[in-house]
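Enquirer: Fold the following and give me the result.
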Amino acid sequence: MQSGFRKISRVGSLSGAAKWYLSEDCLLAAKRVMYAVEYRRFYLHDLESIVVWPSRTWLLRPVIPGVLLGALGALLWYWVNLATGALFGGVGLVWALLELALGPTAGSRIRTTGTSVDLPLVKRTRRASMVLDNIDAAVRAARGGMMEQPTVPPDGRQPAGPSGETSSESARAAAPIGDHM
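Expert: Okay, the predicted model is just below:
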């Protein structure tokens with residue numbers, strides 16, 4: 001028996017983890033908090049928007065450990081020996097470079113018809129486009145491929161009807177604006 005849900009994202013943290021599953025009619029978030037799991041279900045036809053943004057403080061992730069381990073490495077280099085100081089300084093440098101290579105951490109907000117929820121959808125912003133494309137394809141399939149109604153008929157003609165403009169408004173709109181100095 002095959003499940004209708006497929007995992008699209010996993011975001012781990014010190015306080016727990018959130019796993020995101022997608023089916024043909026809903027988006028499911030399973031957030032683990034200590035020994036309990038909280039489930040949130042978002043129906044695809046009720047989704048209004050999903051917004052992912054880079055965290056403002058993401059640069060603290062490479063800077064703080066890099067500076068602290070670099071300073072500890074310099075002190076150990078001076079007080080203990082060269083190898084110990086180089087080891088700690090190298091670990092600090094590698095940590096900072098790895099965090100910079102992974103890119104900014106992300107925050108996200110899911111807005112449905114009735115509510116707005118801040119839940120972590122992805123850990124880093126560089127992965128967000130891939131997850132959002134999967135969700136977008138599922139939303140389009142759930143809504144039947146038509147996201148919004150066209151305002152112009154398919155044959156390209158504008159519907160006949162009275163114009164909202166009077167002749168003085170159209171003359172004023174068509175007159176060129178010049179410099180009056």
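Enquirer: which residue is nearest the middle of this protein?
Expert: Centroid check for the chain by Cα atoms, centre = their mean gives residue 52 as the closest residue, at 2.0 Å.
Enquirer: how close does residue 77 sit to residue 68?
Expert: 15 Å (Cβ to Cβ, to the nearest Å). Every residue, glycine included, has its C-beta placed from N, CA and C.
Enquirer: Compare these two (neighbour count), which wins?
Expert: More crowded of residue 77 and residue 68, by other Cβ atoms under 10 Å: residue 77, with 17 against 13.
Enquirer: for the residue nearest to residue 91 when sequence neighbours are not counted, helix, strand, or coil?
Expert: Among residues not flanking residue 91 along the chain, residue 69 sits closest, at 5.5 Å (Cβ to Cβ, 6 or more residues apart in numbering). With DSSP: H, G, I helix; E, B strand; the rest coil as the basis, residue 69 sits in helix.
Enquirer: thought residue 69 was touching residue 92?
Expert: Yes - using Cβ atoms under 8 Å, residue 69 makes contact with residue 92 at a distance of 2.8 Å.
Enquirer: Quick one: the strands in this protein, in order.
Expert: Taking DSSP state E as the criterion, the chain carries its strands at 6-13, 16-22, 26-33, 36-43, 47-54, 106-112, 116-117.
Enquirer: who wins for proximity to residue 82 among these?
Expert: Among these, strand 6-13 comes nearest to residue 82, with 36.8 Å by Cβ to Cβ.
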